[in-house]
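Asker: What follows is a predicted protein model with its sequence.
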Amino acid sequence: MSAPALTLFLAFYLYPAIQNIRLATLRWDGIGEPEKVGLRNFKNLLTNDDLFYKVLGNNIEFTFLVVLFQTSFSLLFAIYLTKVDRHSKIESTLKYQLLISTGLLTVAIFFIAHTSLPFVYYIKYNAVD
């Protein structure tokens, strides 16, 4: 009964996570032969990269603000949209809140992906030598 859920979890979460860990220990441009560098990528990131801590702080701040404002605004908007009788108000509020927060998250991810392309370029050409 839980086999489809387990299959989806393995295919779309666990396998990509393991691949990310494996690829993080390589120096590879995506075309040539990968070179194993172990944890040097992480050492370089933590010790030689001034941009890393700024990006990390921006991500933490952005995550906090998105969660705070997205949840608050979507919940308030859902309450506004559900001016119905008292019993269906909770159900409708949760439904609208889910739809609105999903939509806002989609827009946020689009802007993150769109503006992070220079960061991908930076990583590609400034890997461990």
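Answerer: That came in fine, so what should we check first?

Asker: can you list the domains in this protein?
Answerer: Domain ranges of the chain: 1-38, 49-129, per automatic domain parsing.

Asker: for the protein, what spans make up the strands?
Answerer: 26-27, 35-36 (DSSP state E).

Asker: With mean pLDDT, distance to T7 and mean neighbour count as added columns, please give those strands in CSV.
Answerer: Every C-beta, even on glycine, is put in place using the N, C-alpha and C of the backbone. Listed next are the strands of the chain as CSV, based on pLDDT from 0 to 100; distance: least, C-beta to C-beta, whole Å; neighbours: other C-beta atoms under 10 Å:
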stretch, mean pLDDT, distance to T7, mean neighbour count
strand 26-27, 90, 28, 15
strand 35-36, 92, 31, 10
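
Asker: between the ones you listed, which gets nearest to F52?
Answerer: Set against F52 and scored by C-beta to C-beta, the strands of the chain come closest in strand 26-27, at 17.2 Å.

Asker: Mind giving me the packing neighbours of the closest one?
Answerer: Where contact means 3 or more C-beta pairs under 8 Å, 6 or more residues apart in numbering; DSSP states H and E, strand 26-27 is packed against strand 35-36.

Asker: Sheet partners, orientation included, of the strand it packs on?
Answerer: According to DSSP bridges, strand 35-36 has the following sheet partners: strand 26-27 (antiparallel).
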